[in-house]
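# Predicted coordinates and the sequence they were generated for:
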Amino acid sequence: MMNNLFSIFDPSTNLFNLSFNWISTFLGLLFIPLSFWLIPNRHFIMWKFIIIKLNNEFKILINQNNNKNKGSTFIFISLFSYILFNNFLGLLPYIFTSTSHLSMTLSISLSLWISFMLFGWINNSQHMFIHMIPQGTPTMLMPFMVLIETISNLIRPGTLAIRLTANMIAGHLLITLLSNTSNILNFYLLFLLILIQIILLTLESAVAVIQSYVISILSTLYSSETN
């Protein structure tokens with residue numbers, strides 16, 4: 001039962017032994033040229049408003065007060081947009097949910113984390129060593145604090161990936177479990193089930209936005225520690 005249940009997340013659309021499910025992750029690129037030639041409408045005005053708000057918030061977190069970090073917020077805005085698009089795309093029927101796979105989320109988080117670490121240790125190595133020992137730590141606890149900070153730093157890409165994957169899988173599994181019981185329900189219970197499914201779908205839409213925001217905020221905070 002569990003194997004059949006989790007198999008809904010498996011890539012299953014194949015042609016000549018090539019999986020075409022992952023193509024859905026690049027469909028967002030088709031909407032990029034529209035912003036260059038279409039007259040600005042409510043959709044683009046709303047999206048521009050969101051981007052400006054995110055840019056102002058990310059600048060505060062990164063301490064973007066000089067030309068050294070200028071423009072780095074666009075990395076995290078792009079990350080937010082990309083994850084948000086794929087999260088919402090997975091809510092549509094018969095469309096592959098790429099963000100529910102660790103191969104997708106871990107690739108994103110691991111590449112960001114490695115970039116932050118390389119930048120920090122190459123350019124701000126003294127600051128990276130200081131960050132391992134919080135201010136006011138007793139001398140006897142310094143070796144343990146270095147060990148704890150090192151472990152917490154190493155598991156960051158895994159926690160980012162698992163957080164996004166687990167939240168996307170949980171909602172989809174719950175909706176699938178409830179949908180499988182529709183064949184044995186009468187009319188009144190079926191109406192109640194449809195109502196519950198609509199509520200869960202609304203909740204999943206909120207989770208899609210929240211998880212995109214959380215991932216981008218945490219990535220911004222991890223980046224600010226290397227500056």
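Okay, I see it.

# how about the helices in the chain?
2-6, 34-37, 42-62, 73-89, 102-123, 125-131, 142-154, 156-180, 187-224 (DSSP state H).

# what's the weakest-modelled helix or strand in this structure?
helix 2-6 (a mean of 52; mean pLDDT, DSSP states H and E).

# Off-centre distance for stretch 136-147?
Mean-position distance between stretch 136-147 and its chain equals 33 Å (CA atoms, centre = their mean, to the nearest Å).

# Correction: the previous question concerned stretch 200-217.
Stretch 200-217 has its C-alpha centroid displaced from the chain centroid by 9 Å (CA atoms, centre = their mean).

# Pull out the CA atoms of that stretch and give them to me as PDB.
Extracted in PDB, the C-alpha atoms of stretch 200-217 (Å, rounded to 0.1, in the frame of the first residue of the first chain):
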ATOM      1  CA  LEU A 200      -6.800  21.200   1.700                       C
ATOM      2  CA  LEU A 201      -6.000  22.600  -1.800                       C
ATOM      3  CA  THR A 202      -6.300  26.100  -0.400                       C
ATOM      4  CA  LEU A 203      -3.900  25.100   2.500                       C
ATOM      5  CA  GLU A 204      -1.500  23.600   0.000                       C
ATOM      6  CA  SER A 205      -1.500  26.800  -2.000                       C
ATOM      7  CA  ALA A 206      -0.500  28.700   1.200                       C
ATOM      8  CA  VAL A 207       2.200  26.100   2.000                       C
ATOM      9  CA  ALA A 208       3.600  26.500  -1.500                       C
ATOM     10  CA  VAL A 209       4.000  30.300  -0.900                       C
ATOM     11  CA  ILE A 210       5.300  29.900   2.600                       C
ATOM     12  CA  GLN A 211       7.900  27.200   1.800                       C
ATOM     13  CA  SER A 212       9.200  29.300  -1.100                       C
ATOM     14  CA  TYR A 213       9.500  32.300   1.200                       C
ATOM     15  CA  VAL A 214      11.200  30.200   4.000                       C
ATOM     16  CA  ILE A 215      13.700  28.600   1.700                       C
ATOM     17  CA  SER A 216      14.700  32.000   0.200                       C
ATOM     18  CA  ILE A 217      14.900  33.700   3.600                       C
END
